[in-house]
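[1] coordinates for the following, if possible.
(chains A, B and C)
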Amino acid sequence: MFDLLVDYIRSGRIRLDKTKITHRVAYHDPCNYGRKSQELFGHGYYEEPRWILDQCISDWVDLFPAGGNQYCCGGGGGTLLTPYRDERIHYARRKMEQIKRTGAKMLVVPCHSCHGQIKAVAETYGMPDLRVKYLWEVVADILIID
Amino acid sequence: MIRYALVKNRSPVHAVKSVLEKMLSQKLVDAILAAARNPYSLLPMPTLFCDPGKMEGIDPLAPVAPFNAARQAAAVTKQPTGKRIALVLRPCEQRALIELVKLKQCSLENVILIGVECLGRLENQAYIQHASEVSDFTSVFYKNPDMQAEVTRACGVCEQFTPAGVDLTISLLGAPEGGVGITAETETGDTLITQLELAVADEPESRAAAVGKLLQGRIAARDALFKATVEKINHIEKFQELIATCLSCHSCRISCPVCYCKECVFITDIFAHPPETLLRRAMKRGAVKLPTDTTMFHLTRLAHMSHACVGCGHCSSVCPSNIPVADIFRTVAAQTQALFDYQPGRDISEPIPYLVFEEELSESSV
Amino acid sequence: MIKNTKILVVGAGISGIRSALDLAETGHRVCLIDKAPAMGGILSQLDHQFPDNHCGMCRMLPMIDRDNGQQFCLRKGLFHENIEILLSTEIISIEGNAGNLTVTISRRPQGVDPDRCTGCRDCESECNIEISDEFSAGFRKRKAIYLPTPHQIPNQRVIDWDTCSLCGACRDACPTGSIDLDNQPETLVLENIPAVIISTGVELYDPGHVDLYGFGHLPNVVTATAFERILSSSGPYQGRLFRPSDGKALKKIAWIQCVGSRNIMIGADYCSTACCMFAVKEALLASRKIGKDARTAIFYMDMRTFGRDFQRYKDRAEKDAGIRFVRCRVHSIEPAENDKDILISYIDSSGNPIDETFDMAVLSTGKNPEFQLPEFASREGVFTVNSARGFMDIQGAVISASVASEKAGRSVSKKGSALLQQRPEKLYFDAVCEEKPQLQIVLCTCGDFLKPVLDWDRIKAELKNMPGRIEIARIKMICDQNGWDEMIAMLRNTTANRLLLAACNPLVYLPRLKELSQETGIMPSLMEVINLRSMVDQATDLAFRTRAVLCELEMSIRRLFSHNPVEPALYPVSKSALIVGAGPAGLTAAISLAVRDFKVSLVEKTSRLGGNWSNIQSAESRETIRTLVTEVENHPLITIHSEAEVIQSFGNPGRFVTRIRSNNKDEKSLLHGVTILATGGRAAETTAYSYRKNNKITTLFELEERLQQPDFAVGSNATIVFIQCVDSREEPRNYCSRICCLKSLKAAITLREVYPQSQVYIFYRDIMTYGNSEQVYTQARRKGVMFIPYDLENKPRVRIESGRIMVEGSDPVLDEPVFFEADLVALATGIVPNPAADLVSIFNLKTTCDGFIREADSKWRPVDTGREGIFICGVGRSPSRANEAMDEGKAAAQRALRILSKDTMIASRHTARVRHVFCSLCETCMHVCPHGARYMDFELQRVQVDHAACQGCGVCAAGCPNSATIIESFEENGIMGAIEAAL
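    Residues are numbered from 1 along each chain as shown, chains lettered A, B, ... in the order given. Now for the predicted structure:
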């Protein structure tokens, strides 16, 4: 999906309006597309989503740490399906701290597990207004359609 | 184990003489160094005896010391000779001798130390005056408190009048009329008492009190002297005033028993300034007093040997300008010695403070 | 032979300096290069080293033959006749064969002429470019024209071409015209280079790569180097502890160990060796500075206190400074709530997660895993110092440097080698002693600069009034070639035998003065330079300045006139060595010296050579030792005295006499120039853990031996337990024996390989696999060896129940007791030194409280003893691995060579002298001499000075009440005259 989006944007097949999103946005590297992808396929998708975001949003920031050292959200590996709800919520504490520190109003997460997890725990951590979007969602939101 | 023996005779002097004669005649020692008058002089000088028959003028109790005998004692014991020598010395002389041993200037191998409990000495001329008027002046002195008050100022503040670190002590305090106490302080001393067949007795009851009283008085006088002297030297200007008439004759240094240098640096080329230097000094400041480096001399001497000052007072006695050298040195020495918790002559195994290096102290804070 | 070629040493950090000095002191010419614009390497940034928390780098300076160099602080600069230093220089390529290499170097011009720069800083004020200063680890800014190391001498500026805009403002501002903006690097081809030593050090890891720690992102996370700058009095806060973000006074500091090391993920399967100890040192220094409010914590995995004195240092730091040691590898550092403090989350020993805030975190970074040696480092004829391969502590770096110089020197020396012979200053003496002292004063007016700022008439008039024969001359600019030539011509024509130069900074240093001396015939010890320019800069009005200048002039005049040089003492050197102990270290030292044509007497207590050979398991080391034994036995210059002991020794370096007695009561006297002690050590005994009560409980050494036997067998399901640190690292034997962890790991790996079903456990306190031996630890874990940490309060216990061995302990990770029935228990008891009390008293040396022979300085002079001419190496000094002991043997031989390589030793200009006519023989000077450089000549009844050992420190002269002993060229008259002049 990353490669697809990169290709579309680069080739001009889709056009984006960078001014649409004005608030601060943070980016989260999912384990799936970062470390796991690196381990299994030899390539971690760190550069691509960032390039894409550069085309989409003017005020987006990295969490710290980022890239290969990104903190896991704690919702992967199927924990969303298990009854260990309290544990799963506890796992996310560091992630939420990370997000809080940036002061971002929106978090971009390309992964379904992360998306579900963070959305689910945001309220518990006092961030009910945090918007969580997939990367394609963001792109879709700012498409110039004429 | 300390044993007290009492020796009685016509007078204390005779009592001491009899003991010393016996030591030689019984060949318990090969030679004795003790103060004695000689046919030419009323003033007792340290004399080295080998023949008990020659001990006519011996008088270690005489309240006078022409100079501090430690020097002469060191000359006799510079290297071990294989002979057994007894040294009869006052506490200040004996303590100075211990300091000289630490400086490798003499050795106590095969030496017997006999310390004389000392009530003080008169200045040489005063003694000669008295001794020429009164026979057996020594015995008279010991019965006469007024005369005892005439001792030199240094003696008047000396709290170490009882010898320590000797083999035998000759004491008068508390001893009955005509007697002296001989106390053994070491095994050697003890053996001697046995060999001399001295009459062992209990220490007279009055002795402790007498010693205590004298000690109290001396300490009080000492502290008063310190206080008064500090006032006179606690600023360089005051000090300069006090030593203003110093001739740089070096008599004080020469008479000092612990000033041990073969040749004092102040009489070497280092302080023998060529005329150009003297003129340069005068040119730079306008005028310069001669001889130069007088203050330097005294300050240097204080720095070099105040830790070892035994307070014998000979420096004041010999000063032709009547500078109270002994007062200055004793006062400063008390402070130097307190700084290192050091007392000269107290213990032969106690190292000289400036030879001690403490590694822990050298780790400075960051 | 190759007369004018130099051995090239690449890298002027401490290893480079040590190698260069080693070679220079043995008469070789050396060219020392560094790609940085200043020398000193990492150490130039570090002020404090443990154990005494001072710097101490100057202890590497030559102690004999001191006149060949200048005795300045080595962190400031290195000056030695035989060493040429080229900075901003790099190697491009090395070609050729060993012994005859062709090296191509590229040298970037520094932009500033060192002979003309006076350090006035006008150029810096004009420069517009400001960048982060590397020396201050980024805490300060500097200009493009700058002083790379603040304390370096000469302190001429350097231009950083990478940032310079070539605007020329500095050049225009320079009052002496020292700046040249030609920045073209010069390529030089050096031919006939006999050897090259690579001592480039390692690159430190940049923790910005691991942004888990927030380095570069969080201002209060700094590297250890940066923290050392904060600690330094010349650092950003003048030695007070504040933190970068807001200048708050530091109280609570955390150290994170193993940053960039022991991390397989980034390819760093090694330990950087020195970080544990420097973190303890930094924490201790920080605690002392902060005071009772200090809260320091070190987060570590293993506390590698493997050096002999390290454990005690660490214990003291823990006890006295209250440093907390937290065994936990920290994952990441986050900013705390208030955004300035930092937050560290970790698990404590009871398994509880803890979030703790600190004021600051210090990252202990080691070697950069991506660092690689250049390919030419593996050429023949190129010797690479081990400290350039892996990050080493100072002792390791200094020893490995001497190993490299030994190898290089060995490869270069042939019979009748090209070693330079000393040129004694004898030719001057006869003339000067006879003559009347006459002084020539040369005043440099620095062009026109000094003319208006001093009252020259007054100076001239006053100088006329000074005592002594004086001539005065004024030169416009000594640094200018014309001015220099003019001065030399004038000096040649004058009858003056003393010279006083009033000029500026660059002249103060040795090289130019030596040159001047050679050209004019005036002795270097009768020359003085005063820094006129800097005096002028400091004062405000004309009269004051003039007075200050006159004062300095008079001080120097007085000193020069009072100095009457005496002929230096000469001592013949016996070209032979005595080596006590024929273990690996002793054998290595013996061969090192024998192959250089020196006779060696090797004294060995037992009947065999090889020492602890049987306890050494590394195949490589065993082979090396076996070869060594054969070499030694067959070498014609080595005489082996086996079953012999030393019974007496006296003398001075270059001429010792030692008496040895063989078992058959024969006694012999040996004359030798140097002594090397290699008395070695042995396995320690124990009564702990029921040792000796059952033959299944053995020592580690015994287990190793058993493993070698063909009939060694345990059951395939056997349980084997190793217990480390037995009787070690606790009082009374509170040191690490350094070899046991590696041995146990290797034995454990072997057992797991041979018996894959076995259970192998190791009870340990810290695994001491420093350097690359960390890989063995990784391997052991991969092989399934199980590790159980224990501390002193919870030692494992061994019980014997009806012939069965029960081992009980507690596993802190599981937080549960563990219990095994063991088939074999191996106790790592460590090493103790062989008894050397008699030798120590014969040679008048010192031992540590554990009986090891004490070296002069554990970091900077690790194979010297406190007595010149006597060296120590191997286990007799400190526990070491076999290869380390052999390296020490080489290093000791190298140190010994600086005495042996001379035919005569000449006393340095600054040594003590006794004026016997004044001496009272009180022996105070002998007592206070720290170098053992004085002795009593009983026959002559005189106190004599051993000029080779005397360092001219002056303690003797200070202690002597009547100046019977004085220090040459610091005579009392001169010093007192100078003081008087200054008043």
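
[2] B:Leu33 looks like it's in a strand, true?
    Yes: the assignment for B:Leu33 (DSSP: H, G, I helix; E, B strand; the rest coil) places it in a strand.

[3] what is it paired to in the beta sheet?
    Per DSSP bridges, the residues bridged to B:Leu33 are B:Leu48, B:Leu87.

[4] didn't it look like it was pressed against B:Ala73?
    Yes: because the distance of 6.0 Å satisfies C-beta atoms under 8 Å, B:Leu33 is recorded as touching B:Ala73. Any C-beta I mention is one placed from the backbone N, CA and C, and that applies to glycine too.

[5] chain center to stretch C:35-48, what's the gap?
    13 Å (C-alpha atoms, centre = their mean, to the nearest Å).

[6] list residues touching both of B:Leu33 and B:Ala73?
    Any residue near both B:Leu33 and B:Ala73 by C-beta atoms under 8 Å, 6 or more residues apart in numbering or on different chains counts here, and that gives B:46, B:87, B:89.

[7] make a markdown table from the residues you listed and add pLDDT and neighbour count to it.
    Output for those, formatted as a markdown table (pLDDT from 0 to 100; neighbours: other C-beta atoms under 10 Å in any protein chain shown):
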| residue | pLDDT | neighbour count |
| --- | --- | --- |
| B:Pro46 | 95 | 24 |
| B:Leu87 | 96 | 29 |
| B:Leu89 | 96 | 29 |
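
[8] of those residues, which is the nearest to B:Gln160?
    Nearest to B:Gln160, judged by C-beta to C-beta, of the shared contacts of B:Leu33 and B:Ala73 is B:Leu89 at 12.6 Å.

[9] quick one: residues contacting the closest one.
    By C-beta under 8 Å, 6+ apart, the neighbours of B:Leu89 are B:33, B:69-70, B:73, B:97, B:113-116, B:163.

[10] low pLDDT regions in the stretch 251-366 of chain B?
    Along the stretch 251-366 of chain B, segments meeting pLDDT under 70 span B:360-366.

[11] ok so, going back, of the shared contacts of B:Leu33 and B:Ala73, which is the nearest to C:Leu231?
    B:Leu89 (58.6 Å).

[12] around whatever residue of the stretch 201-350 of chain B ends up closest to chain A, how many other residues sit close by?
    Going by C-beta to the nearest C-beta, chain A is nearest to B:Leu339 of the stretch 201-350 of chain B, at 60.0 Å. Burial measure for B:Leu339: 11 neighbouring residues, criterion other C-beta atoms under 10 Å in any protein chain shown.

[13] that one: what secondary structure?
    Once three-state DSSP is applied, B:Leu339 turns out helix.

[14] and for the closest residue to it other than its chain neighbours, the neighbour number?
    Nearest residue to B:Leu339, sequence neighbours excluded (C-beta to C-beta, 6 or more residues apart in numbering or on different chains): B:Pro353, at 8.0 Å. Applying other C-beta under 10 Å, we find 14 residues neighbouring B:Pro353.

[15] surely B:Pro353 touches B:Ala338?
    No: contact criterion C-beta under 8 Å: B:Pro353 and B:Ala338 do not qualify, at 11.2 Å.

[16] for the most centrally placed residue in chain A, list the residues it contacts.
    For chain A, A:Val109 is the residue whose C-alpha lies nearest the centre (C-alpha atoms, centre = their mean; 1.9 Å). Residues near A:Val109 by C-beta under 8 Å, 6+ apart: A:28, A:30, A:73, A:115, A:118, A:132-135.

[17] SS state for C:Thr225?
    Following three-state DSSP, C:Thr225 is assigned to helix.

[18] residue contacts, it?
    C:42, C:45-46, C:137, C:204, C:365.

[19] in the stretch 251-366 of chain B, what residue comes closest to chain C?
    B:Glu276 (3.2 Å).

[20] that residue belongs to a strand?
    No: counting by three-state DSSP, B:Glu276 falls outside a strand, being helix.

[21] burial check on it, number of neighbours?
    Residues lying near B:Glu276 (other C-beta under 10 Å) number 13.

[22] what's the answer for C:Gly586, then?
    For C:Gly586, using other C-beta under 10 Å, the count is 33.

[23] still on that earlier bit, what about B:Leu33 and B:Ala73, which has more around it?
    For B:Leu33 and B:Ala73, the more surrounded residue by other C-beta under 10 Å is B:Ala73, and the numbers stand at 26 against 23.

[24] in a helix, the more buried one, correct?
    Yes: according to three-state DSSP, B:Ala73 belongs to a helix.

[25] spit out the contact partners of it.
    If you count contacts by C-beta under 8 Å, 6+ apart, B:Ala73 has them with B:33, B:46, B:87, B:89, B:93, B:97, B:106.

[26] in strands, which of the residues you listed fall?
    Judged by DSSP state E, strands contain the following of the contacts of B:Ala73: B:33, B:46, B:87, B:89.

[27] what would these look like in a markdown table with distance to C:Ile266?
    As requested, these are exported to a markdown table (distance: C-beta to C-beta, whole Å):
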| residue | distance to C:Ile266 |
| --- | --- |
| B:Leu33 | 85 |
| B:Pro46 | 87 |
| B:Leu87 | 81 |
| B:Leu89 | 81 |
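
[28] do a quick rundown of the helices in chain A.
    For chain A, the helices defined by DSSP state H occupy A:2-11, A:37-41, A:47-56, A:85-91, A:93-102, A:112-121, A:135-141.

[29] what's stretch B:192-212 in contact with?
    Here stretch B:192-212 makes contact (C-beta under 8 Å, 6+ apart) with B:3-7, B:19, B:22-23, B:26, B:28, B:112, B:162, B:167-168, B:171, B:173-176, B:181-184.

[30] okay, buried residues for that stretch please.
    For stretch B:192-212, a neighbour-count test (16 or more other C-beta atoms under 10 Å in any protein chain shown) marks B:192-193, B:196, B:198, B:203-204, B:207, B:210-211 as buried.

[31] same thing with stretch A:117-135?
    A:117-122, A:125, A:127, A:130, A:132-135.

[32] kindly report the same for stretch C:752-770.
    C:752, C:755, C:758-770.

[33] and the end-to-end length of it?
    Terminal residues of stretch C:752-770 are spaced 23 Å apart (C-alpha to C-alpha, to the nearest Å).

[34] so for it, mean pLDDT?
    Averaged over stretch C:752-770, pLDDT sits at 95.

[35] report the distance from it to the chain centre.
    36 Å.

[36] about what we covered before: just the ones of the buried residues of stretch C:752-770 in strands?
    Per DSSP E, the buried residues of stretch C:752-770 map to strands at C:759-764.
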